[in-house]
Every structure is written in C-alpha cells, then in structure tokens.
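Novice: Pasting the sequence and the predicted coordinates here, then a few questions.
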Amino acid sequence: MSEAAKARAVGINHVALEVRDIDEALAFYGQFLEFSLRGRSDTMAFIDLGDQFIALSAVPEVTDDHERHFGLVVNDKGLLGRRLKEMDIEIVSDRFMDFYDPWGNRIEIVGYDNIQFSKTDGVLRGMALSVLQKNEKAKQELADEGMAP
C-alpha cells in the first residue's frame, strides 16, 4: 500500500496568545518591543511581524503556560534582555531567555542572528531591517540543510 500524499509544513503564520485586556497587553509588549499593529478590535489585536504576526485575544480567564511556549525572534537579544531587566521581568530559564507575560504566556527570546529561520530580503526591507546578519553557526546550519543565504 502506498503512503498517502501529505502537505508539507512550511512555517508559522501566527501565534495566538490569550490575555485579559487588549490595551494592557499592548502596553506591556510596547515596553520592550517596537511594533506596529496589523489590525485591532475590542477583543483582538495583531502585532505585525512582517510576513507573520502575533494575535492577542482577550479572554475572561487565562492559565499559565509552564513548558508550552513560543520563540519570539528579535533583531537584538542583548538589548531586549537589558530592557526586561529594567522592567524587573524574571527570566525563568538558565538555558534560554524565557519569561512570562502578565497573563502567563511563556515567551522565549531568540536572536535572529543565531537561528536557521530567515526572512526574505524583501520582507526585511519592508520591516526596515535589511542589515540583519546570521552568525557563523547559523550560516553553517543553513548550509548543511542546503539553504545557505
């Protein structure tokens, strides 16, 4: 019997986070991230990430994520780490820069320079981030997979 054809996963379009209040969530994330909104309503807001987005969804009750998390890619992990420290945000991992937002969503901060994930040149230009570079380890990982930039 032959195996049925399958769709290939090619990326993440968005991540949805549950929060109690959209205005409070936007104010919290705005303390350490520069962003624009893709859209907004009374119960949803969409933080633009170029060709992806984060959806904030207001719900009456939220629960903490313990190991469940998502990796948020930033252009300057050190700068964000310093800002989180100024805000007295507790980093909850010895290995990664993980923290909880006020609604219990666990977020791992990932530097763009150190991962295989790549934005196209056009998306980077559109985000005014055309100078982002990969470190040698990330370049080698991409090359090993036949995806060198």
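Specialist: Sure thing, it's come through. Residues are numbered from 1 along each chain as shown.

Novice: could you show me where the helices are in the protein, in order?
Specialist: 22-30, 77-86, 121-126, 136-144 (DSSP state H).

Novice: Could you pull up the contacting residues of residue 66?
Specialist: residue 106 (C-beta atoms under 8 Å, 6 or more residues apart in numbering). For every residue, glycine as well, the C-beta is placed using N, CA and C.

Novice: how much space between it and residue 105?
Specialist: From residue 66 over to residue 105 the distance is 11 Å, taken as C-beta to C-beta, to the nearest Å.

Novice: ditto for residue 14
Specialist: Using C-beta to C-beta, we find residue 14 at a distance of 14 Å from residue 105.

Novice: Have a look at the two and say which one is more surrounded.
Specialist: residue 105 (23 against 13; other C-beta atoms under 10 Å).

Novice: Grab the nearest non-local neighbour of that one.
Specialist: residue 17 (4.7 Å; C-beta to C-beta, 6 or more residues apart in numbering).

Novice: The one you found: what's it in contact with?
Specialist: Going by C-beta under 8 Å, 6+ apart, residue 17 touches 25, 54, 55, 56, 57, 101, 103, 105.

Novice: Specify the beta-bridge partners of the residue nearest the centre of the chain.
Specialist: The residue lying closest to the centre of the chain (C-alpha atoms, centre = their mean) is residue 72, at 2.2 Å. On the basis of DSSP bridges, residue 72 is bridged to residue 109.
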